[in-house]
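Asks: sequence and predicted structure are below.
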Amino acid sequence: MKKVLLFPITILKYAKKGVGYLFGKKNTLTNNVNYNNNKLEGEALDKELERIKKESQSFNKEDLENIKRSNIKLKSYRYVVRGSNGSIIKGIFDAENSDAVRIFLSNEGYQILSIKERQKWDVDITFGSNRISNSNLAFSLTQLSTYIKAGIPLVDAMRILARQTSKPQLRRIFDRVVYELVIGCNFSTALARQGNAFPKLLINMIKTSEMTGDLAGTLDEMSEYYNEIEKSRRQMISALVYPTVIFIAAVGAVFFVVMFVVPEFVDMFASNNAQLPAITVFIINMSNFFGNYWWIIAILLILCLVLYRLLFQNVRIFRKTMQTFYMKLPVIGKIIIYNEVANLTRTFSSLLNHSVFITDSMEILSQISSNEVYKDMINRTLVGLSKGSKISEAFKGEWAFPVVAYEMLVTGESTGQLALMMEKVADHYQSLHSNAVTAIKSLIEPIIICLLAVAVGFIILSIILPMFDLYNQMVM
């Protein structure tokens, strides 16, 4: 309860520190998050990591080739074909040239009616990235595993996935995977050549399974993994939807009263020459301000949101500062930390269980993590591993990595059961995350109701007090 009452003060305190950090007062934030001076951060960490990767003899040339291949500028073609049942099928395929499209469609057994390159004005309106969502990915992996277990060849299984999907963007990706498989690529290579459509974690897991021969088992495990990730995301959304709706309704109600109800009483008070108390004058001035400048407020609010989004996406130091700020907030910070630790350790455990090297595992974790605080931890781990240090040394004393998780990490290293320990850490913090989300869900509602009651009571009081004065004047 103490943390809840001090919540506004805490926000102001960390906002001040974050602003100071952005304008050059780096020690303000650095000292408060207990960073040690001997730990590499920012550009120094990036340069050291880049140097280590260049000197490493384990640089994967196949990955470099996949990156080059995925960066090739493909042309987009619209095609019209006739299926085996006589039906007309229209679609889009991205390839280097029209011959590649023709070869692909012919191999698929279609009768080609037309293939035309799309014009500049023929564009698809899509929002977001090309990446497949976790829910779609988990469902597709489950289906693919089922087909493979039933004895269907991988290429045919991917053809079935491509034909049954109703989403054009997803179908184009699956068609490209089929094309890569037909020309002789491995499954992992075919996925890697689709840019950022498939997560790097999935690609590396499949690459490992191709060596062990257990592709179906890996697909089932990854489907379960992405289901857990999606479950956590939906849990967070469901916890925020109801309070957000209540908050918007409350703000809308207060705004309506201030803008349309209060002015009516102002006219009545003015016509009767009533003496207005300070609380009423304040509400009247606020009503006049919103009435005259509401459009400026709306524009500034939109500009602030757009600016925040641009800075968060493109400026790393701003993103890290805001993520640190959020993780330091009471209640909310714990939820973010529990979720990040659970995802980090679960992913690490999956990689180790599939015999992925620790250095490769850490590099994958660094690439899939969107939190700069944890990304720096992982990058420092990579630097430490190159010098012969243990994994636990990079996580020692880190405020964003709980002591329980650290001790389990140390135990796993000393006993040789690191994958098992990380799996248990993931389960533990997933449980804590679920409990924390449930707690905040039940906590936010009464807080918002109390704030609404105070706001409405304040407005009603500002109206009632002058009415009492009018009544006393009439009696006297």
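Replies: Thanks, I have it. Numbers count the residues shown, from 1 in each chain.
Asks: averaged pLDDT, stretch 86-100. What do you get?
Replies: Averaged across stretch 86-100, the pLDDT comes to 79.
Asks: so Lys424 sits against Met408, correct?
Replies: Yes. Counting by C-beta atoms under 8 Å, Lys424 does reach Met408; the two are 6.6 Å apart. Just so you know, the C-beta spots here come from the backbone N, C-alpha and C atoms, and that holds for glycine as well.
Asks: neighbour count: these two, which is higher?
Replies: Under the criterion of other C-beta atoms under 10 Å, the comparison of Lys424 against Met408 puts Met408 first, with 22 against 17.
Asks: only the buried residues of stretch 367-384, if you could.
Replies: 368-369, 371-384 (16 or more other C-beta atoms under 10 Å).
Asks: try stretch 227-247
Replies: 227-230, 232, 235-236, 239, 243, 247.
Asks: those into TSV, with extra columns for secondary structure and distance to Gly184?
Replies: TSV is the format used below for these (DSSP: H, G, I helix; E, B strand; the rest coil; distance: C-beta to C-beta, whole Å):
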residue	secondary structure	distance to Gly184
Asn227	helix	32
Glu228	helix	34
Ile229	helix	32
Glu230	helix	33
Ser232	helix	38
Gln235	helix	43
Met236	helix	43
Ala239	helix	48
Pro243	helix	53
Phe247	helix	56
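Asks: which strand or helix spans Tyr77?
Replies: Here Tyr77, judged by DSSP states H and E, is contained in strand 75-82.
Asks: likewise Leu113?
Replies: Counting by DSSP H and E, Leu113 is part of strand 111-117.
Asks: quick one: contacts of whichever helix or strand comes after that strand?
Replies: Following strand 111-117 in sequence order, the next helix or strand is helix 134-149 (DSSP H and E). When contacts are defined by C-beta atoms under 8 Å, 6 or more residues apart in numbering, helix 134-149 is touched by residues 132, 154, 156-158, 160-161, 167, 170, 198-199, 202, 215-216, 219-220, 222-224, 226-227, 229-230, 233.
Asks: which among those residues count as buried?
Replies: For the contacts of helix 134-149, buried by 16+ other C-beta under 10 Å: 132, 154, 157-158, 161, 170, 198-199, 202, 215-216, 219-220, 222-223, 226-227, 229-230.
Asks: sitting in helices, which of the residues you listed do you find?
Replies: 154, 157-158, 161, 170, 202, 215-216, 219-220, 222-223, 226-227, 229-230 (DSSP state H).
Asks: from Phe468, how far out is the closest residue to Val258 other than its chain neighbours?
Replies: Nearest residue to Val258, sequence neighbours excluded (C-beta to C-beta, 6 or more residues apart in numbering): Ser287, at 4.9 Å. To Phe468, Ser287 is 20 Å away according to C-beta to C-beta, to the nearest Å.
Asks: these two: who's more crowded?
Replies: Taking other C-beta under 10 Å, Ser287 and Phe468 do not tie; Ser287 has more neighbours (21 against 11).
Asks: am I right that that one is in contact with Phe260?
Replies: No. Counting by C-beta under 8 Å, Ser287 stays clear of Phe260, with 9.1 Å between them.
Asks: what's the domain layout of this protein?
Replies: 73-117, 134-198, 229-476 (automatic domain parsing).
Asks: and Ile337, that one's in a helix?
Replies: Yes. Per DSSP: H, G, I helix; E, B strand; the rest coil, Ile337 lies within a helix segment.
Asks: for it, what are its contacts?
Replies: Counting by C-beta under 8 Å, 6+ apart, Ile337 has contacts 327, 400, 402.
Asks: quick check: which element contains the closest residue in space to the first one that isn't next to it in sequence?
Replies: Nearest in space to Met327, with sequence neighbours left out and distances taken as C-beta to C-beta, 6+ apart, is Gly333 at 4.6 Å. With elements delineated by DSSP H and E, Gly333 resides in helix 332-353, which encompasses its position.
Asks: for that helix, what is the distance to the chain centroid?
Replies: 14 Å (C-alpha atoms, centre = their mean, to the nearest Å).
Asks: rewinding a little: what sits up against the strand holding Leu113?
Replies: By C-beta under 8 Å, 6+ apart, strand 111-117 touches 75-83, 88, 98, 101-102, 105-106.
Asks: quick one: buried ones out of those?
Replies: 76-79, 81, 101-102, 105.
Asks: which pair in those spans the largest distance?
Replies: Maximum pairwise distance in the buried ones among the contacts of strand 111-117, criterion C-beta to C-beta, is 16.2 Å, between Ser76 and Val81.
Asks: report the secondary structure state of Val356.
Replies: coil.
Asks: who are the contact partners of it?
Replies: So Val356 contacts 204-205, 208, 364 (C-beta under 8 Å, 6+ apart).
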